[in-house]
Structure formats: structure tokens, C-alpha cells
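*Asks:* Curious how this folds, go ahead:
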Amino acid sequence: MLTTLILSFSLAFILSFVSTPLVRKMAFKMGAVDVPDGKRRIHKKSTPLIGGLAIFYGTFISLLCFYRPIDETLRGILLGSIIIVAMGIVDDTVELKPKKKLLFQLLAAVVVALNGIKITYLSVPDFIIKGGILPLGWASIPVTVIWIVAVTNAVNLIDGLDGLAAGVSSIATFSLFFIAILLREPTVAIISAALAGACIGFLPFNFNPAKIFMGDTGAQFLGFMLSIICIQGLFKGYLIISFVAPFLILGLPIFDTLFAIVRRVWNGKPVMTADRGHLHHKLMDMGFSQKQAVAILYIISTLLGLTAVVMVDRGAQQAIWIVVSILIVAVFSIYITIHREKTEKQSGDVVFGSGKKGKNIQKTEIVTDENTDGKTEDNTEDNTKNSGTEKGEEKND
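*Replies:* Below is the predicted model of the structure:
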């Protein structure tokens, strides 16, 4: 079994790594290129999309080679994935409207559910229902479809910085892989290994500065696959822990999506309208660079995934201690960041603030410039122009 898992991971990694440069060339020929708009988008130059096609290719071939038996579960996964990836390629090329994308997502989710991948019951506390099991009956298909569509869009929404969605998805997949090993779910472990290998193979081309973006092709495929792995590996468990674990592992994209929905409704904007209020945007607004923001979100995802693995293996009590530790570190980090931001802002007001003090500083510089034959004055003017340009760029970002 271990050999199969290693081979599944390795083949997906190699195929994804080798095919990504080819997909990059194809994206330019197809016109699937993301052009920066200077507003919501962070990148500065045109970058090819549909990189997720390489992730799909690596995962697809690896599953065909190592997933056994080839049954309706695999058929549902592959058919649903093809629908999602085809829709993603079209969207990355000509940009589909949100409602059309939703229809394709619903279709893919229904295909999966009809092939036996369903949430048939929910694990709940004993004080709600005796025995802790809530059978869904006819509602299993609607609940499954809602879960798949929700996670698909949640992962797509965090795809805003170089390497973010691919990295967070890799961390989530590894967490699901270890849980599958603990729960002795070999087929789920193989799916997780293949998806993780494909993500890791793509990441070298997606790290900042990215040579290629995964686009909707990749982000929606990753969300789609993660939702299915959770159904197969965790929602079938009878313990309440098995029900909580997926929400921990996917905590970052789920929280970001819920926050985005609340924010847009509160501001009176359509839920599907893109904005610049996601977690990664907030981190950059706080002064972090792209790489720093991505690293912070990687750490959060890792801690959430580790909590889920420990909870499944050792129980909720051990996991609670980890969660408490995470909260303490998070609160302390936020405090330090806010304090630093206030300090920098105050020091900036003193040096660059308007008013008489600012005018006196400028006047002193001009007098000094006259004593140095105007050389320093030219530099001061150039610096002022450069400063204005930089501020304009920051505002656009």
C-alpha cells in the first residue's frame, strides 16, 4: 500500500511539473492571459492562466493508474472533474458570467452525487439526537451538492496571491491524506496523494513572481476535489469529530468566503461581485508583502490541519489545547502587527505631516540647496516626484 501511495504522489508530481511549461505556452496561444487592472489584481504584468490544467492532468492520470477498483466512485470523480475543468478553461479564456459558472458547478456536483459520492448522514451531539446520527434520506443529494459547490467556490475565492490557493490546497490535502491513513481509507489516501503530488508539481511555477496562474481551471478543480475527499474520508465517519474535521482543514477558505458574503451583503453589493476585502488583501494593506502574506496564511492552514489530524487521532481534548495555543499566538501576532502599524503611522505623520512644521522643513531644504549650487534641490524634487509616483502605485494596488 505504501508503495502505491508513493507512486501515486510521484507520478502526479512529475506529470504536473513537466506539463506546466507546456500549458503556459498553450495559454498564450489561446489568449488565456490575465491582464492587471491596477485595482483589485495584485500582479504587475500579464500572466498566463489555465495552469490548473497541469494539476488536473497529473491527478487524472495518476488516479487512472493507481486507483483500484475502477468503480462508479472514480467515474463520478473523473466526469465531474472534466465538467469543472472544461468550464474553468472557458472562463479563463472568455470569462463566463457567475450564474453560468454556478450551473456548471451544480451539474458537476449532481454527477458526483448520482455516482454514489454522497453525505448520507450527519454526526451530531447525543443531546440533539439519541445515538448522534442524523440520517439525511432524500436530502442527501441536495446537501452533497451544496457542500461541493460551496467548497469549490471557497477555494476559488482565496486564489488571489501567487502560490496561495495551490499551497493552502496542498496543506489541506496532506491533512486529509494523514487522516485517511489513520482511518484506514486506502482509496481516499490514493486520491489525496495524487492531488497533493499534482499541486506540489505546479507550485514552483506559481510562487511569487508567478510564471503562470492556475486560474479558475485550477482553483475550482482543487475545491471540487477537496470537497469530494472530505465526503469520502470524513463525512462517512460516525463520530462528531469526523464531521468537524473538514471544517477545520478547510477553515481558511470557508471563513474567508463567509466573511466575504457578510461583507458584501452588509455593504449592499451582490454576493458574487469581486472585491478587495479578502484576508490576503487585508494582510497586504497592513504592510505585509505578497510572500509574507502567503507565508502567514500557510502557517494558519498548517495549524488548522494539524489540529484536525490530532483531533481524529487523539480526541478533542488534545485538539482543544492546540486550538487554544493557536488563538493565543494569533491574538499576540495581531496585537504586535497593529501596534507596529500605529507606530509607523505616527512616525510618518511627524516626518511627512502637513502644516507649519512641514513647511519649515521644506524651507530649510531650499536654503541648503541654494548653498550647494542647486544640486540637492534637484535631488529633492526628484525624490518628491518619485514619492508621489510610489504613492499612486500603492493606491492602485
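*Asks:* Number of residues surrounding Lys100?
*Replies:* Using other Cβ atoms under 10 Å, Lys100 has 12 neighbouring residues. (C-beta placed from N, C-alpha, C; glycine too.)
*Asks:* what's the answer for Met225, then?
*Replies:* By other Cβ under 10 Å, 30 other residues sit near Met225.
*Asks:* What separation is there between it and Leu250?
*Replies:* Applying Cβ to Cβ, to the nearest Å, one obtains 12 Å for the distance of Met225 from Leu250.
*Asks:* same deal with Leu22?
*Replies:* For Leu22, the distance to Leu250 - Cβ to Cβ - is 31 Å.
*Asks:* Those two: who's more crowded?
*Replies:* Shown here are Leu22 and Leu250; by other Cβ under 10 Å, Leu250 has more neighbours (28 against 12).
*Asks:* In contact with the more buried one, which residues?
*Replies:* By Cβ atoms under 8 Å, 6 or more residues apart in numbering, the residues touching Leu250 are Val151, Ala154, Val155, Ala172, Leu226, Cys230.
*Asks:* one more time with 10 Å, if that's ok
*Replies:* Leu250 is in contact with 150-151, 154-155, 168-169, 172, 175-176, 223, 226-227, 230, 257, 301, 304-305, 308, counting by Cβ atoms under 10 Å, 6 or more residues apart in numbering.
*Asks:* Now stretch 300-316 - C-alpha only, PDB.
*Replies:* Taking Å, rounded to 0.1, in the frame of the first residue of the first chain, the C-alpha atoms of stretch 300-316 are listed here in PDB:
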ATOM      1  CA  ILE A 300      -2.600  29.200   9.700                       C
ATOM      2  CA  SER A 301      -3.700  26.400   7.300                       C
ATOM      3  CA  THR A 302      -1.000  24.100   8.700                       C
ATOM      4  CA  LEU A 303      -2.100  24.700  12.300                       C
ATOM      5  CA  LEU A 304      -5.700  24.100  11.400                       C
ATOM      6  CA  GLY A 305      -4.800  20.900   9.500                       C
ATOM      7  CA  LEU A 306      -2.600  19.700  12.400                       C
ATOM      8  CA  THR A 307      -5.500  20.400  14.800                       C
ATOM      9  CA  ALA A 308      -7.800  18.200  12.700                       C
ATOM     10  CA  VAL A 309      -5.300  15.400  12.400                       C
ATOM     11  CA  VAL A 310      -4.600  15.400  16.200                       C
ATOM     12  CA  MET A 311      -8.400  15.600  16.900                       C
ATOM     13  CA  VAL A 312      -9.100  12.500  14.800                       C
ATOM     14  CA  ASP A 313      -6.100  10.600  16.200                       C
ATOM     15  CA  ARG A 314      -6.100  11.600  19.900                       C
ATOM     16  CA  GLY A 315      -9.500  13.100  20.500                       C
ATOM     17  CA  ALA A 316     -11.000  16.600  21.000                       C
END
